[in-house]
Structures are given as structure tokens and as C-alpha cells.
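Novice: Build the 3D model from these lines:
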Amino acid sequence: MLNAIIKTFIVAHVDDGDEHLAQALVYNAGRLAWRMRESGLTTETKTSVSDVVTAADRAAEKFIGDALRAIRPDDGLLGEEGTRAESSSGRTWVIDPVDGTYNFTTGSDYWCSALALVEGDPNDPDRLIFGAVHRPAMGYTWFGGPDIPTTRDGAAVTVADVSRADTCLGGYLHPTDFSDATLAKAWVAVAGEFATVRMLGSASIDLGGVAGGEMGCWMQRSVASWDWLPGRALVEGAGGRATRVDAAGVTWSVAGAPSAVAEVEQVLSEL
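Specialist: Numbering: from 1, shown residues only. Model (predicted):
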């Protein structure tokens, strides 16, 4: 059945431009995962009880990967669940088939399918072209990049420039990180100056929210490319700023309102 779905998609989208193709891929991958969840899934753990994977993750990644192999055969692939293909074009599609899998497995609606297109090394790209994120439960699709104004379902979104004292910080810190005094100190130094904090469990949805002004800033340590690049593209396309800062022995990814990001960067640089 999955192979038939993939073949049908390829026929329908073989002549798409990159922007339309990306949005169609995340939309259909998200819907595929949603349908599979409704039919019942078995959850497997990876590194911890909260780091999980399901057949839906693998199926959604196969859907995107196989479609891109056929439609963009010269481009590279980097997927969270193991999809890899070397690039001969210099471009790579970075894939997160289900971002927020723990939420996904518990019945929460706070999860999405996401991807980014980059030039160069996907772990440190020379150019971030765009990101696409689809949240099935809400029907939202975000799309944008540094040179592409970010939209949600075709409507423009904009990052409001606010200071950290006047806005919400989003992100994630694993519970075990709080027992690491250095990491805990860094987190508290940053978070304590924000109006409030939210940890919701899907980086790409969080960053879509940052792009739309629902949160003013986002910060997380040791973020993988598939968790960072799609949302970073959305924030930058909405007029926000995204950066990485080495502090407390790790690399922090920070994105949001330019003023708030600058303040976070300053705090981290002083640790």
C-alpha cells in the first residue's frame, strides 16, 4: 500500500517546483502518519523512554525519501530515521518525518512533519534555502526561508521584535540535564529573565510559532539538523534571527526576535 501511495504522489508531483514539492511532501507525510496512528501503533524506544520511534515515523520518512529519489535524483537526503543519500547537485533535503514523536505516541496533537532544503553540508550548510512544516491536527503548513517570506497557509507571518522580559521562551531541556550543574546554570540564567517559559515537545512547531509571534524566542542545546533547520528557515523568513552559541560545554541553538536573541547570546557568552 505504501509503495502505491508513493508512486501516485510521484506521478502527480514530478513536474513541481521545489517550493510546491516541499509543501506537498510534508502535508502528505503528516497525513500518512496521522492515519497510521489512528489504526494503532507499536512504540519503540531509542535512547530513552522519551526518545521513541514508531512505524509511522519510518513510513513517513520512506514516503518522502522515495519520492525525492525519483523526483530529485541528484539531491542528497538526510533523515532522522536513517535515510541517507549523497548529493551530486550540492543540495540536500533534511527530513524529520514526525517531529514530536513522544507527543504523537501519547495522543497529543503537538507534532508535525518537517523538512528543509540546504546547499552544502546539511550539518553546517553553506545556504539554508527553505523549510516546510505541516501540523496535521491544525491543518497548518508553514513555509519560508531566509530569502522567502514565511507564510502559514499562504498568509504572511512576522516576528515582532521584543526583549526577553516581554515575551515567552520556548525550547527543551531533558530532565537529566537539570542534574548537570553547568547546564542547569546556563538554562536558569537565560530562562529566568523571560516573562514565561513553554516546553511543548516539537522544535519545528515551536519555531513556526516563533515565526508567527506566538513565542518571542526559542533555545535548545545539541539540536540535530532535522530539528533545527526547518524551523530556523521559518524564523529567518519572518524577519527573526537564528544563531548558535557555544556555552556550558554544549552548543545552544537560539532563534526568535532579534532583540531577545541578542540578549540570550550575551548571557550565554558571559557564562
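Novice: Thr150 belongs to a strand, doesn't it?
Specialist: Yes. Assessed with DSSP: H, G, I helix; E, B strand; the rest coil, Thr150 lies in a strand.
Novice: That one: neighbour count?
Specialist: Around Thr150 there are 27 other residues, counting by other C-beta atoms under 10 Å. The C-beta positions use only the backbone N, C-alpha and C, and glycine is treated the same way.
Novice: For the closest residue to it other than its chain neighbours, list the residues it contacts.
Specialist: Using C-beta to C-beta, 6 or more residues apart in numbering and skipping residues adjacent in sequence, the residue nearest Thr150 is Gly144, 2.8 Å away. Gly144 is in contact with Phe130, Gly131, Thr150, Thr151, Ala211, Ala233, Leu234, Glu236, Gly237, Ala238, counting by C-beta atoms under 8 Å, 6 or more residues apart in numbering.
Novice: what's the pLDDT at the last one?
Specialist: With respect to pLDDT, Ala238 has a value of 98.
Novice: repeat for the one 4 residues further on
Specialist: With respect to pLDDT, Ala242 scores 98.
Novice: Excluding chain neighbours, what is closest to Gly237?
Specialist: What sits nearest to Gly237 in space, not counting adjacent residues and going by C-beta to C-beta, 6+ apart, is Gly144, at 2.9 Å.
Novice: List the residues that contact Ala160.
Specialist: Ala160 touches Gly213, Gly216, Ala257, counting by C-beta under 8 Å, 6+ apart.
Novice: JSON lines for the residues you listed, including pLDDT?
Specialist: Shown next, in JSON lines, are the contacts of Ala160 (pLDDT from 0 to 100):
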{"residue": "Gly213", "pLDDT": "95"}
{"residue": "Gly216", "pLDDT": "97"}
{"residue": "Ala257", "pLDDT": "98"}
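Novice: show me the contacts for the nearest residue to Ala137 once chain neighbours are set aside.
Specialist: Closest residue to Ala137 apart from its sequence neighbours, by C-beta to C-beta, 6+ apart: Asp109 at 3.3 Å. Counting by C-beta under 8 Å, 6+ apart, Asp109 makes contact with Asn103, Arg135, Pro136, Ala137, Met138.
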